[in-house]
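Asks: Okay, predicted coordinates and the sequence, questions at the end:
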Amino acid sequence: MIVVEGLRLTYGGSRDIPALDGIDVVFRPASTTAVVGESGSGKSSLVAALMGILPPGASLAGKITVDGRDVTALGEREKASSYRWTTVSLVLQGAMNAFTPVLTLGRQIGEVLEIHRGLRRSDALKRAGTLLEETGLPRSWTGRYPHELSGGQKQRAAIAMALACDAPYLLADEPTTALDVITQAEIITLLGELTRSRGLGLVLVTHDLALASSVADELVVLQAGRVVEEGPTGHVLAAPRHRHTIDLLEALKELEAHES
Ligand SMILES: Nc1ncnc2c1ncn2[C@@H]1O[C@H](COP(=O)(O)OP(=O)(O)OP(=O)(O)O)[C@@H](O)[C@H]1O
């Protein structure tokens with residue numbers, strides 16, 4: 001379980017308003033939690049804090065424990081060797097950034113396995129093929145370069161890379177933004193399947209409440225760096241208590257009415 005207690009984050013600089021302002025939240029294993037909220041509410045900051053990838057100058061207070069381990073106390077070296085990718089991994093918006101254009105997918109996914117799992121290059125390449133297959137791509141695509149893939153295919157490959165070290169928790173920050181509606185649905189279906197087959201704890205960050213409500217067991221609503229509502233998705237949507245959630249729901253209804 002990921003337990004976040006009293007998390008406060010400031011980025012420094014002259015305008016020192018906290019991006020996270022006392023966050024208490026729990027992300028369960030083998031379960032999907034959607035984190036929703038308007039732009040600037042702190043969703044990506046929470047992901048960066050969970051992943052331990054805050055920029056220089058950022059100041060973090062509070063505690064994050066993952067399966068009982070205090071990760072806020074880990075040094076940079078420990079995070080790199082035994083936390084990131086192995087305990088908690090990440091899929092970002094626009095998978096183009098996940099890959100360098102000059103190496104094949106097999107080399108890039110394989111490299112993660114060589115570094116973190118100590119596999120030999122040939123074994124790492126084989127395993128990379130299996131991971132691609134698990135996300136619905138042909139295993140032979142280990143020989144392809146990122147530019148040879150469509151946006152959706154690239155996002156699948158980025159998910160394969162995030163799964164490489166079998167981290168029990170996966171953070172997905174707007175993983176379907178920039179994809180067309182059909183491809184969005186396919187990626188969300190894939191994430192749902194992987195959550196079940198691998199027993200993953202998935203933290204899905206999105207500003208899209210419709211998407212969140214279609215897949216998440218739990219919903220966390222952020223506003224201005226605070227959790228303003230949380231609970232099982234059905235409960236939150238059936239009886240939203242906070243003005244912000246009601247506004248989000250109304251916007252969703254308007255969108256649905258517009259589409260039908
Ligand atoms: N690297 C950074 N340096 C300084 N301020 C930052 C940085 N990243 C985010 N912020 C600020 O922190 C606050 C929260 O931003 P964050 O990106 O976490 O929100 P978000 O909910 O993910 O927004 P969006 O949906 O637009 O991605 C904002 O005020 C933002 O300007």
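Replies: Arrived safely, thanks for sending.

Asks: The nearest residue to Ala124 once chain neighbours are set aside and Ile187, how far apart?
Replies: In space, Ala124 comes closest to Gly110 once its chain neighbours are excluded; the distance is 3.6 Å by CB to CB, 6 or more residues apart in numbering. To be clear about C-beta, it is placed using only N, CA and C from the backbone, and glycine gets the same treatment. Going from Gly110 to Ile187 by CB to CB, to the nearest Å gives 23 Å.

Asks: Check Asp70 too.
Replies: Between Asp70 and Ile187 the distance is 33 Å, computed by CB to CB.

Asks: Where does pLDDT dip in this protein?
Replies: 14-15, 94-96, 259-260 (pLDDT under 70).

Asks: Contact residues of it facing the ligand?
Replies: 11, 19, 37, 39-45, 55, 207 (CB under 6 Å from any ligand atom).

Asks: Let me see the ranges of the strands in the stretch 101-250 of the chain.
Replies: 169-173, 201-205, 218-223, 226-232 (DSSP state E, counting those that start in this stretch).

Asks: Including distance to Leu149, could the ones you listed go into JSON lines?
Replies: Formatted as JSON lines, these follow (distance: least, CB to CB, whole Å):
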{"stretch": "strand 169-173", "distance to Leu149": "18"}
{"stretch": "strand 201-205", "distance to Leu149": "22"}
{"stretch": "strand 218-223", "distance to Leu149": "32"}
{"stretch": "strand 226-232", "distance to Leu149": "36"}
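
Asks: Which one of the ones you listed lies nearest to Pro29?
Replies: Closest approach to Pro29 among the strands of the stretch 101-250 of the chain (CB to CB): strand 201-205, 4.3 Å.

Asks: list the helices and strands the closest one packs on?
Replies: strand 32-36, helix 43-51, strand 169-173, helix 181-198, helix 209-215 (3 or more CB pairs under 8 Å, 6 or more residues apart in numbering; DSSP states H and E).

Asks: Need the winner for burial among the ones you listed.
Replies: Greatest average neighbour count among those goes to strand 32-36 (a mean of 25), per mean count of other CB atoms under 10 Å.

Asks: And it, what does it pack against?
Replies: helix 43-51, helix 181-198, strand 201-205, helix 209-215, strand 218-223.

Asks: any idea how far the first one is from the chain center?
Replies: If you compare the mean C-alpha spot of helix 43-51 with that of the full chain, they lie 9 Å apart, counting by CA atoms, centre = their mean, to the nearest Å.
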